[in-house]
Every structure is written in structure tokens, then in C-alpha cells.
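Student: need a structure here:
(one chain, ligands or ions: 2)
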Amino acid sequence: MRDLRHLYYLENLLQENNNELVRKAREEGRRCVGTVCYQIPEVLLNLPGIFSVRLRAPRTGSMEMGTYYMTSLTCEYCRALLERGLEGGYRFIDCLMEPASCSQMADCTENLEKLDLLGPGFFVQHVDTPMKDDLNGIEHMIKMCRVRVLDRLHEAFGIDVSDEAIKKAVAVHNEVCDLITEIGNYRKDLRPRITGYEFAVLCLATYCCPKDLLLPILRETAQELRTREPDEKSPWRVRVAVAGAEIDDPDFIKLIEDTGAYVAVDRYCFGSFPGRSRIELSDNEDILTQICRKYVTECQCPRFMNTSKVAGRKEYIDSLAREYSCDGIILQQINFCNFWGYERAGGMHVLTHDYSWPVLSLDRPYVVGVSGQIRTRVQAFIERVELKKLGGND
Ligand code: SF4
Ligand code: SF4
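Tutor: Numbering: from 1, shown residues only. Ligands and ions are numbered 1, 2, ... in the order given. Predicted structure coming up:
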């Protein structure tokens with residue numbers, strides 16, 4: 001297939017947190033809100049006058065200092081963020097919205113704050129998120145978003161948090177979601193016109209750039225894809241779903257595809273399911289309630305512990321994998337992630353035995369791109385899936 005026109009530009013953009021589009025928005029006078037978790041409704045962090053950037057640590061090498069402060073028994077994503085903070089990599093953000101959902105992330109952001117690694121006037125806002133998607137959980141979320149997100153942004157930066165302002169942010173969010181959905185749907189084709197890697201780059205960019213500034217690129221890419229011809233013969237041997245803990249490095253998807261498996265669908269935080277689904281608003285109910293309900297009910301984080309959520313997470317992965325004609329599922333977590341540690345173990349069992357999927361259960365480093373060990377494990381999994389497709393023993 002011919003290269004996508006904007007792919008190289010986006011790949012370069014994702015090499016930095018403070019990328020060209022982020023700098024442009026800041027030059028326009030907008031405030032930058034750092035974010036580290038799916039749970040705080042992203043749309044509330046993209047009101048007129050502010051934009052969100054999902055913090056990452058691209059090109060991470062050593063995590064020595066992050067490990068010194070957080071020990072070697074903590075999640076590598078958190079350690080990599082702290083390391084990048086110690087290098088001065090987050091001084092461009094104006095505040096950080098951090099859900100008190102993950103204690104390791106709370107430690108990381110506390111270190112960023114206490115070690116004075118962020119810009120002048122900067123603040124960290126902790127937002128307590130629920131553990132159940134019942135009425136209490138939704139009401140708690142509404143209160144948190146009102147007091148700790150909207151009121152705080154208004155007090156700190158004078159941001160307009162009215163319904164009209166929220167509707168404007170929802171309109172931009174929805175256009176991004178529609179374009180990502182249109183592009184992502186091509187992955188259902190058995191001769192797909194987009195690679196899983198290309199899709200991962202496009203989707204990740206929507207979390208890491210001001211959305212309005214990215215939209216022209218997304219629109220042009222969607223247009224380009226409408227007439228893009230797929231390769232005559234598919235270069236992949238099998239199709240897989242990738243699910244689990246957050247992935248913010250498209251090179252992981254590239255590694256899987258280079259090994260022979262097409263990544264047909266993504267079910268991880270900062271992927272497209274459920275992060276890039278439209279927000280439908282009605283005029284009959286308070287807007288914040290509608291947004292919070294959507295985020296709480298759709299959230300696939302293992303922190304939600306009520307039975308329907310626990311079972312629903314496996315059902316969701318199963319239904320996506322079937323919808324996208326997958327042959328197997330890669331269920332992965334970052335080393336030392338507590339939530340996904342137990343979710344991966346349970347998910348592996350349920351998806352294998354109750355849903356009959358071949359599953360690769362992967363405990364991985366934060367930086368995966370060149371890992372020989374991960375490549376070998378993916379290769380072995382592909383062979384197992386191929387054997388099953390050919391009717392051999394699994
Ligand atoms: S897995 Fe849970 S805590 Fe981690 S980013 Fe996703 S929603 Fe947040
Ligand atoms: S990967 Fe796990 S431990 Fe790390 S920040 Fe996300 S939810 Fe927390």
C-alpha cells in the first residue's frame with residue numbers, strides 16, 4: 001500500500017509530549033491539561049481555552065531515577081513518567097488531572113508535584129473515581145467532575161464551564177470519534193486498507209494533540225483512505241485483538257504486525273475502544289450527568305469491581321474480537337500493574353475456557369519496540385493460532 005500522506009508527520013509528532021501542535025495551541029494562549037488515565041472525561045479537559053495531553057515518555061531509555069524514587073516494584077509507565085519529569089519533560093503543562101484510581105500513579109504524580117518538576121503556577125488535581133457503575137458511583141463521579149474538574153479549571157484559569165462551552169467541546173470530540181471510527185472500521189475488512197500500526201498512530205495522536213488542530217489531518221486521512229487500495233495479498237498470517245493495560249507506544253503494535261499478526265482491534269486505554277465513541281447528548285437531562293454516566297458505564301478499567309463489570313469486560317473483548325474477525329487475543333499488561341495483573345489472569349482463564357479463544361497473556365515492559373523476548377512469544381502464539389486455524393491441536 002502507498003504510505004499515508006501524514007503518517008511520517010504524526011510519527012514525528014508522537015516523539016515528543018510538547019509537540020508542534022501542543023506548542024501552537026499554547027502560543028494561542030490556551031492552557032494545557034496533562035492527563036494520565038481514561039477515567040476523567042476527556043471532553044471536560046478540552047473546553048474552550050484548554051486542551052488535554054495524555055502524558056507519555058516516548059524514547060525512554062533508562063528509568064534509574066524514577067526507580068530510585070518509586071522502587072523497582074512499581075509500574076514502569078509511572079516510573080518512566082517520573083524519569084521524564086526529572087529530565088524536565090513536563091514543564092509545558094499547566095496542571096495535571098489525576099484520578100485517584102491507581103495508587104502507583106498517585107505516587108508518581110505526588111513525586112512530580114513535591115519534587116517541583118512542573119511549570120510555575122502548576123497544580124495537580126486528584127479526582128476520586130468510583131469503583132462501581134451503580135447510581136452511587138455515577139453520582140459520585142458527577143460531584144467529582146463538578147467540584148474537582150470544572151470548578152477547579154474555572155478558578156485556576158477562568159475557563160467557561162457552562163453547558164454551552166461543554167457542548168462545543170463535545171462537538172469537536174464527536175468529530176474526532178466519527179473520523180477515528182470510520183478509519184478504524186476498515187480493519188474489519190479481510191484485506192484491510194490500513195495497518196493496525198497506522199491506526200494506532202492516528203488514534204494515539206488524538207490523545208496527545210489539541211483536537212481541533214489535529215482535525216484537518218484526520219479529515220484528509222479519512223478522505224485518502226476512502227480510495228486507498230489494499231495490497232493484493234494480505235501480508236499477515238492471522239488477525240488478533242489486543243486488549244489490556246494502556247498502550248501509548250505504537251511500536252508495540254508494529255512489533256506484533258511485523259511478526260505476522262494483523263492487529264484488527266484495540267481494547268486498551270488510549271486506544272479506540274471505548275475511548276473514541278461519540279457522546280450523544282439529549283436536551284432532557286443535565287449535560288454533566290450524561291457525560292459522567294457514559295464514562296462510568298463504558299469504562300473497562302479493572303478498578304471497577306462489581307460483578308457485572310468484571311464479567312462485562314470479558315464479554316466486551318469477546319464481542320470485539322468476533323466483530324473484527326480475529327483468530328486470537330493478546331491480553332497484556334505493563335509489569336507491576338496491580339489492576340491488570342489480576343484482570344489478565346482472570347481474563348486469560350475466562351476467554352480461553354468460557355469463550356474458547358486462543359489467548360496470549362503477556363506481562364510486558366513499558367518500552368516494547370525492540371524486545372526480542374516479546375517478539376519470540378508473539379511468534380510462538382501466531383504459530384499456535386495458525387495451527388488451530390488449520391484444524392490442528394491448540
Ligand atoms: S487501566 Fe484504569 S487506571 Fe489505568 S489508565 Fe485505564 S482507566 Fe485509568
Ligand atoms: S499501567 Fe496499571 S499501575 Fe500503571 S498507571 Fe496504569 S493502571 Fe496504574
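Student: Quick one: the strands in the protein, in order.
Tutor: Here the chain has its strands, by DSSP state E, at 31-35, 50-54, 95-99, 123-127, 238-244, 261-268, 328-334, 359-364.
Student: Around ligand 2, which positions in the stretch 1-150 of the chain sit nearby?
Tutor: Listed as neighbours of ligand 2 in the stretch 1-150 of the chain under the rule C-beta under 6 Å from any ligand atom: Cys75, Tyr77, Cys78, Cys102, Gln104, Met105. Just so you know, the C-beta spots here come from the backbone N, C-alpha and C atoms, and that holds for glycine as well.
Student: Mind picking the lowest-pLDDT entry from those?
Tutor: Among these, Cys102 carries the weakest pLDDT, at 90.
Student: Apart from its chain neighbours, what residue comes closest to Thr206?
Tutor: With sequence-adjacent residues excluded and distances taken as C-beta to C-beta, 6 or more residues apart in numbering, Thr206 is closest to Val176, at 5.3 Å.
Student: Surely the one you found touches Arg276?
Tutor: Yes: the pair Val176 / Arg276 is scored as a contact, 7.1 Å apart, by C-beta atoms under 8 Å.
Student: Mind listing the shared neighbours of those two?
Tutor: When contacts are counted by C-beta atoms under 8 Å, 6 or more residues apart in numbering, the set common to Val176 and Arg276 consists of Thr206.
Student: about what we covered before: could you check the distance from the residue nearest to Thr206 over to Leu202?
Tutor: Look at Val176 and Leu202: by C-beta to C-beta, to the nearest Å, they are 10 Å apart.
Student: Compare the two (neighbour count), which wins?
Tutor: Each of Val176 and Leu202 has its neighbours counted (other C-beta atoms under 10 Å); Leu202 has more, 26 against 22.
Student: what about that one, distance to Glu113?
Tutor: As defined by C-beta to C-beta, Leu202 lies at a distance of 32 Å from Glu113.
Student: got it, and Pro99?
Tutor: To Glu113, Pro99 is 15 Å away according to C-beta to C-beta.
Student: Which one's more surrounded, the two?
Tutor: Per other C-beta under 10 Å, whichever of Pro99 and Glu113 has more neighbours is Pro99, with 23 against 17.
Student: The stretch 51-200 of the chain against ligand 1: which residues are in contact?
Tutor: Of all the residues in the stretch 51-200 of the chain, those in contact range of ligand 1 (C-beta under 6 Å from any ligand atom) are Ser101, Cys102.
Student: Which stretches in the stretch 51-200 of the chain count as helices?
Tutor: Per DSSP state H, counting those that start in this stretch, the stretch 51-200 of the chain has helices spanning 64-70, 76-86, 103-114, 135-144, 152-157, 163-185, 196-208. These are given in chain order.
Student: Please apply the same query to the stretch 201-350 of the chain.
Tutor: When assigned using DSSP H, counting those that start in this stretch, the helices of the stretch 201-350 of the chain occupy the ranges 211-226, 250-258, 287-298, 307-323, 338-353.
Student: For Leu13, find the nearest of these.
Tutor: helix 211-226 (8.9 Å; C-beta to C-beta).
Student: hmm, stretch 204-216 in reach of ligand 1?
Tutor: No: Stretch 204-216 lies out of reach of ligand 1 by C-beta under 6 Å from any ligand atom, never closer than 11.0 Å.
Student: CA atoms only for that stretch - export them in PDB, please.
Tutor: Coordinates of each C-alpha in stretch 204-216 appear next as PDB, following Å, rounded to 0.1, in the frame of the first residue of the first chain:
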ATOM      1  CA  LEU A 204      -2.800   7.900  19.800                       C
ATOM      2  CA  ALA A 205      -2.300  11.400  18.200                       C
ATOM      3  CA  THR A 206      -5.900  12.200  19.200                       C
ATOM      4  CA  TYR A 207      -5.000  11.800  22.800                       C
ATOM      5  CA  CYS A 208      -1.700  13.700  22.600                       C
ATOM      6  CA  CYS A 209      -2.600  16.800  20.500                       C
ATOM      7  CA  PRO A 210      -5.100  19.600  20.700                       C
ATOM      8  CA  LYS A 211      -8.100  18.000  18.900                       C
ATOM      9  CA  ASP A 212      -9.100  21.000  16.800                       C
ATOM     10  CA  LEU A 213      -5.600  21.300  15.400                       C
ATOM     11  CA  LEU A 214      -5.400  17.700  14.600                       C
ATOM     12  CA  LEU A 215      -8.800  17.500  12.800                       C
ATOM     13  CA  PRO A 216      -7.600  18.800   9.400                       C
END
